[in-house]
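J.: The amino acid sequence is not available; the structure is as follows:
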């Protein structure tokens, strides 16, 4: 069988729907009736805030964790520096 008839047989059961062309007025009317997928008035305040500020909150959380780690390290180093500033005989003995 020639390739042209083979192609027709493969799609014989599926006929394309013929849609009449729309006028520009109909297109404009459809676009005006179309709603946004998310309507912020229908959503809870928490969901609205998280959807708008979620990335910043995520980034801020991890910056806060890093800042706490930095402050803890500075605190630990201050203890070590205070101890090392004392003469050797006044330093705490290690627990070995």
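T.: Perfect, thanks for sending it. Since the model is a prediction, treat every value here as computed from it, not as a measurement. Numbering: from 1, shown residues only.
J.: What number of residues are in the vicinity of residue 50?
T.: 14 (other CB atoms under 10 Å). From N, CA and C alone the C-beta is placed, and that goes for glycine too.
J.: Now name the helix or strand holding the residue most central in space within the chain.
T.: Centroid-nearest residue in the chain: residue 55, 5.7 Å away (criterion: CA atoms, centre = their mean). In this assignment (DSSP states H and E), residue 55 forms part of helix 45-85.
J.: and that helix, how far from the chain's centre?
T.: 20 Å (CA atoms, centre = their mean, to the nearest Å).
J.: packing partners for it?
T.: On a contact count with 3 or more CB pairs under 8 Å, 6 or more residues apart in numbering; DSSP states H and E, helix 45-85 meets no helix or strand.
J.: How many residues are close by the closest residue to residue 91 other than its chain neighbours?
T.: Distances taken as CB to CB, 6 or more residues apart in numbering place residue 83 nearest to residue 91, at 5.8 Å, with adjacent residues excluded. Neighbours of residue 83 under the rule other CB under 10 Å: 11.
J.: Residue 92 is in contact with residue 83, correct?
T.: Yes - assessed by CB atoms under 8 Å, residue 83 is found in contact with residue 92 at 6.7 Å.
J.: any idea whether residue 42 is helix, strand or coil?
T.: What DSSP: H, G, I helix; E, B strand; the rest coil gives for residue 42 is coil.
J.: Retrieve the pLDDT associated with residue 7.
T.: Looking at residue 7, its pLDDT reads 53.
J.: cool, and residue 2?
T.: 55.
J.: State the distance from residue 86 to residue 55.
T.: Residue 86 is 48 Å from residue 55, where distance means CB to CB, to the nearest Å.
J.: likewise residue 69?
T.: For residue 69 relative to residue 55 (CB to CB), the value is 22 Å.
J.: Low-confidence bits of the chain, can you list those?
T.: Low-confidence segments of the chain (pLDDT under 70): 1-17, 35-40, 93-96.
J.: Kindly recompute the last result at 50.
T.: 96 (pLDDT under 50).
J.: number of nearby residues for residue 48?
T.: Residues within reach of residue 48, counting by other CB under 10 Å, total 14.
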